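this one's sequence-less:
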Ligand code: NAD
């Protein structure tokens, strides 16, 4: 089956190419992000394969449908970039890769915790410059601290398990309790209680209308002064301007993020020769208690290999008109004559 693969990097070509040996699809790799002006690249392709920042909004989907596309194959977990109403209305389907490696993302979140707490980014640069001073490098024992996990699904559970290994108390907030987290000793509480009691707060819920700007000026005020906030989920969960104010006032003591609400124009590209125009991003990264990585939490060999395998299996199921194991449930399609 002919598949237009958007936003491809070298590792996508390598892992999708290897996994495709078993499937024999015609994969056409594009570095370009999907957006209305790049939809023509997919003309005649029944399947498009997309990543986190590809734009699958109504306009794009209508143009794709007109060009013959019927399946959106997301090679990621989150699907906040896809307009599911439009997908349903156009008679298309969407598959994603849930649970490809919760360990990859959870371990990256823990990496941000350690990096911020022990100021490893400063220490690394200092020692390389023969500066062996310890001034300003003091951290805190993670042992005994309270960790608030917001979203206790696959990744939240793995993160909680690792933090339990450090000797932390676990607090959780979710719309649905996860028995595996309860088994770890996690206490579930209201969001405000989790925010008020946690020394470290880590976000692991999806970006939905109900979770957009979950971290905002009001919720930041409910947190412990000097709290550490980690976001490896989606940028839109956090009101970045409110976080900046929280950092300036000292209410937020550490901020580690792998995602950013306006990341589409920045991440996954080498912009080192250009002047970044996003003032909010520039201000955020100017703080010495902020660490930003560019949406790399998923990037382990195991995760990328599973993503490639599952994506191609879904495309083969679609080609063979079999039920789609990894389909995203769509809102009911409204008949045209209703
Ligand atoms: P999951 O579906 O297993 O868990 C998500 C949890 O969030 C569920 O328990 C769900 O009940 C909960 N939730 C839903 N709405 C909520 C709300 N309003 N408040 C609190 N909790 C709510 O998903 P997962 O595999 O653990 O992934 C979590 C998120 O991580 C994804 O949605 C994605 O955005 C993000 N992610 C990021 C990367 C990365 O590279 N940075 C990679 C993969 C996933």
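Thanks, I have it. Source: prediction; values computed, not measured.

Can you name the residues that contact the residue of the chain at minimum distance from the ligand?
In the chain, the residue that lies nearest the ligand is residue 153 (1.8 Å; C-beta to the nearest ligand atom). Glycine gets a C-beta too; all of them are placed from N, C-alpha and C. Residue 153 is in contact with 174, 178, 204-205, counting by C-beta atoms under 8 Å, 6 or more residues apart in numbering.

rerun at 10 Å
Residue 153 makes contact with 77, 98-99, 102, 174, 176, 178, 180-181, 204-206, according to C-beta atoms under 10 Å, 6 or more residues apart in numbering.

Narrow those to those in helices?
Using DSSP state H, the members of those that fall within helices are 102, 180-181.

got the residues of the stretch 201-338 of the chain near the ligand?
Residues of the stretch 201-338 of the chain lying near the ligand by C-beta under 6 Å from any ligand atom: 204-208, 210-211, 232-234, 258-259, 295, 297-298.

Apply 5 Å and report the result again.
Applying C-beta under 5 Å from any ligand atom, one finds that the stretch 201-338 of the chain approaches the ligand through 204-206, 210-211, 232-234, 258, 297-298.

before we move on, the earlier item: neighbour-wise, which of the ones in helices among the contacts of residue 153 leads?
With neighbours taken as other C-beta atoms under 10 Å, the top of those is residue 181, carrying 23 neighbours.

my guess is that one contacts residue 155, does it?
No. With contact defined as C-beta atoms under 10 Å, residue 181 does not count as touching residue 155 (11.5 Å).

So for those two, which residues contact both of them?
Shared contacts of residue 181 and residue 155 (C-beta under 10 Å, 6+ apart): residue 149.

Tell me which residues touch residue 6, please.
Contacts of residue 6 by C-beta under 10 Å, 6+ apart are 12, 28-35, 38-39, 41-42, 48-51, 53-56, 75.

where does the closest residue to it other than its chain neighbours land in three-state SS?
Closest residue to residue 6 in three dimensions, ignoring its sequence neighbours and counting by C-beta to C-beta, 6 or more residues apart in numbering: residue 34, at 4.2 Å. Using DSSP: H, G, I helix; E, B strand; the rest coil, the structure places residue 34 in coil.

Neighbours of residue 34, how many?
29.

Next one, pLDDT for it please.
Residue 34 is assigned a predicted lDDT (pLDDT) of 97.

what's the spatially most central residue of the chain in contact with, if anything?
Residue closest to the average C-alpha location in the chain (C-alpha atoms, centre = their mean): residue 233, at 3.9 Å. Each residue near residue 233 by C-beta under 10 Å, 6+ apart is listed here: 77-78, 105, 109, 150-151, 155-156, 202-207, 211, 214, 257-259, 297.

Kindly recompute the last result at 6 Å.
203-204 (C-beta atoms under 6 Å, 6 or more residues apart in numbering).

Make residue 1 into 20 and carry on from there
Shifting the count to begin at 20 puts that one at residue 252.

From residue 279, how far off is it?
According to C-beta to C-beta, to the nearest Å, residue 252 and residue 279 sit 12 Å apart.

same question, residue 133
21 Å.

Give me the more crowded residue out of those two.
The residue with more neighbours, out of residue 133 and residue 279, is residue 279; 24 against 14, by other C-beta under 10 Å.

Would you confirm that that one contacts residue 254?
Yes. Here residue 279 reaches residue 254: they are 4.4 Å apart, a contact under C-beta atoms under 6 Å.
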